[in-house]
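Colleague: the sequence isn't on hand, but the structure is:
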DNA sequence: CGATGCCCCTGAGAGC
DNA sequence: TGCTCTCAGGGGCATC
């Protein structure tokens, strides 16, 4: 579900509610998401002040004044919902706990953040802030695509020699961190590269275009507040609107936006749908 | 080591 | 109305 632009949008929505505030109550309503919560999870959260809210790849990182960082992943269907905060001129009431509301954080000042995740592919953990890089979920992540460590040269080096479709390489979080099925499809369309192309057959020129396409599609999506399909909402409940700008994702059978006579096709690669234009993606 | 499937879980929508 | 089937923004892990 949420890929980098959606997680970044959620981070921006949560930041004014969480950053600098103390957690006065943590309600953990089930023992696990994808994995069990760490021992004493609620106790370790209660009373802690959130010093900063950061993002690494698709992970939200809340640094606590206890010296630990709360790591959260939204999985496929996870949402962070805010209630009780002043939004505009209105002061929302807290809704009754809903189905799949798994973790509820009450903040000083009256705001509440609820983590809701129907499919429970999401995860939460606590880890020493000073040692975050060693966490098993973060240790192997590749560079942030919007950061300085990611470049066409780096991408080309990671594509080199690999006998697997370029799409699989872009989805590999060890190569570049934060892309998912939607934005990989969109970036490949922007770079005019077929998702079927073997990674080793991507030229240096194409790697330039691909790296640029990856960055630009993420920036465009963040500017639009992410993409809202089924579950994803911005933290304030608003829908992102980048889904209206999709060139290929979910557009099977529709004409290519390049007006090249192509019709968007769908195929399955390693169990996931790839959308592409056979006319311009070679 | 690299590549490929399977699987975790729930819900929505299509087809019958 | 209800059943069955397919599909869904992720990604760890076993297997070859």
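Modeller: Arrived safely, thanks for sending. Since the structure is predicted, the reported quantities are computational estimates derived from the model, not experimental observations. Numbering: from 1, shown residues only, chains lettered A, B, ... in the order given.

Colleague: so what pLDDT did residue A:233 get?
Modeller: pLDDT recorded at residue A:233 is 56.

Colleague: check residue A:15 too.
Modeller: Looking at residue A:15, the pLDDT reads 95.

Colleague: for it, give its distance to DNA strand B.
Modeller: 29 Å (CB to the nearest atom of the strand, to the nearest Å). Every residue, glycine included, has its C-beta placed from N, CA and C.

Colleague: same check on residue A:266?
Modeller: Residue A:266 is 15 Å from DNA strand B, by CB to the nearest atom of the strand.

Colleague: ranges for the helices of chain A?
Modeller: A:4-18, A:41-45, A:152-159, A:166-171, A:181-190, A:204-223 (DSSP state H).

Colleague: most tightly packed of those helices?
Modeller: Of all the helices of chain A, helix A:181-190 carries the top mean neighbour count, a mean of 25, counting by mean count of other CB atoms under 10 Å.

Colleague: helices or strands next to that helix in the packing?
Modeller: When contacts are defined as 3 or more CB pairs under 8 Å, 6 or more residues apart in numbering; DSSP states H and E, helix A:181-190 packs onto helix A:166-171, helix A:204-223, strand A:272-276.

Colleague: OK, contacts around residue A:41?
Modeller: Residues counted as contacts of residue A:41 (CB atoms under 8 Å, 6 or more residues apart in numbering) are A:26, A:28, A:124, A:126.

Colleague: can you tell me which of those are buried?
Modeller: In terms of neighbour count (16 or more other CB atoms under 10 Å), the buried residues within those are A:26, A:28, A:124, A:126.

Colleague: closest to DNA strand C among these?
Modeller: DNA strand C lies nearest to residue A:124 out of the buried ones among the contacts of residue A:41, by CB to the nearest atom of the strand, at 13.4 Å.

Colleague: quick check: closest non-adjacent residue to that closest one.
Modeller: Nearest non-adjacent residue to residue A:124, counting by CB to CB, 6 or more residues apart in numbering: residue A:72, 5.0 Å away.

Colleague: how much space separates the one you found from residue A:188?
Modeller: 29 Å (CB to CB, to the nearest Å).

Colleague: need the contacts of residue A:41 in JSON lines with distance to DNA strand C and pLDDT, can you?
Modeller: Shown next, in JSON lines, are the contacts of residue A:41 (distance: CB to the nearest atom of the strand, whole Å; pLDDT from 0 to 100):
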{"residue": "A:26", "distance to DNA strand C": "24", "pLDDT": "98"}
{"residue": "A:28", "distance to DNA strand C": "20", "pLDDT": "98"}
{"residue": "A:124", "distance to DNA strand C": "13", "pLDDT": "98"}
{"residue": "A:126", "distance to DNA strand C": "17", "pLDDT": "98"}
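
Colleague: now, the residues you listed that are in strands?
Modeller: A:26, A:28, A:124, A:126 (DSSP state E).

Colleague: the third one reaches residue A:68, doesn't it?
Modeller: Right, residue A:124. No. With contact defined as CB atoms under 8 Å, residue A:124 does not count as touching residue A:68 (11.9 Å).

Colleague: list the contacts for residue A:93?
Modeller: Taking CB under 8 Å, 6+ apart, one finds A:83-84 in contact with residue A:93.
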